[in-house]
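J.: Okay, here's the prediction I keep looking at, along with the sequence it came from:
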Amino acid sequence: QKEVEQDPGPLSVPEGAIVSLNCTYSNSAFQYFMWYRQYSRKGPELLMYTYSSGNKEDGRFTAQVDKSSKYISLFIRDSQPSDSATYLCAMSAKGNNRLAFGKGNQVVVIP
Amino acid sequence: NAGVMQNPRHLVRRRGQEARLRCSPMKGHSHVYWYRQLPEEGLKFMVYLQKENIIDESGMPKERFSAEFPKEGPSILRIQQVVRGDSAAYFCASSQQGDENTIYFGEGSWLTVV
């Protein structure tokens, strides 16, 4: 079983729709959870950072972590064509700076 | 992520040559990481360094790959005797002391081995 599982998609949605992305993981030691956005031929950009379980909201973005189910989600409200990118989940354990990434989920927002 | 500077952005090497990738972390950051992204695969951790120290190299291939972060100057990822399978995007990232889990990435160096 891979440490982090993320369905690569692609996912196409109309402009204004809600985008829902998720990852599952197997390592119960993970406590830090991130979502990165990556445009083609660019570096990953940190979008959201969450410690342990719970929800975090930042503008149109909401990150959720359910440690009991080993499941994390990212929601993008009122999606825009500029949100078209690959979204990567990443996580790490306390005392270990090494990030474990999902494969990434390609999102296309259609105008 | 514009704060983490990587060069060159694109590098073409023939099989058997050496590739050197450089990374300057964000200002104030003392932790440097290298990740590799192969086509159709996710980012894979390679190595974690602090100034003059390799902290974790568990993701580095055992041969041909080395990394350093000297007291002065950028971090260097060195690949000797490159092979076609080394063609990938190599990303450098950095974080600061006390906030090690907030990691920022550079724009990447795309290595093509011909």
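T.: Yep, it's here.
J.: Within range of chain A, give me the residues from chain B.
T.: B:1, B:4, B:6, B:31, B:33, B:35, B:41-45, B:48, B:55-56, B:58-59, B:91, B:95, B:100-108, B:110 (CB under 8 Å from any CB of the partner chain). Glycine gets a C-beta too; all of them are placed from N, C-alpha and C.
J.: Pick out the residue nearest the middle of chain B.
T.: In chain B, the centroid-proximal residue (CA atoms, centre = their mean) is residue B:34; its distance is 3.5 Å.
J.: Can you give the distance from whichever strand or helix holds it to the centre of its chain?
T.: Per DSSP states H and E, residue B:34 falls inside strand B:31-37. Relative to the centre of its chain, strand B:31-37 is centred 5 Å away, using CA atoms, centre = their mean, to the nearest Å.
J.: in its sheet, what does that strand sit against?
T.: Here strand B:31-37 has these sheet partners by DSSP bridges: strand B:43-50 (antiparallel), strand B:88-96 (antiparallel).
J.: Just name the most buried of those.
T.: Comparing these by mean neighbour count (mean count of other CB atoms under 10 Å in any protein chain shown), strand B:88-96 ranks first with a mean of 23.
J.: Could the C-alpha coordinates of the helix or strand following that one be exported in CSV?
T.: Using DSSP H and E, the helix or strand that follows strand B:88-96 towards the C-terminus is strand B:99-105. Presented in CSV, the C-alpha positions along strand B:99-105 are these (Å, rounded to 0.1, in the frame of the first residue of the first chain):
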residue,chain,number,x,y,z
ASP,B,99,8.8,26.1,11.3
GLU,B,100,10.3,23.2,9.5
ASN,B,101,7.0,21.8,8.3
THR,B,102,6.1,24.9,6.2
ILE,B,103,8.1,24.1,3.1
TYR,B,104,8.4,26.4,0.1
PHE,B,105,9.5,25.1,-3.3
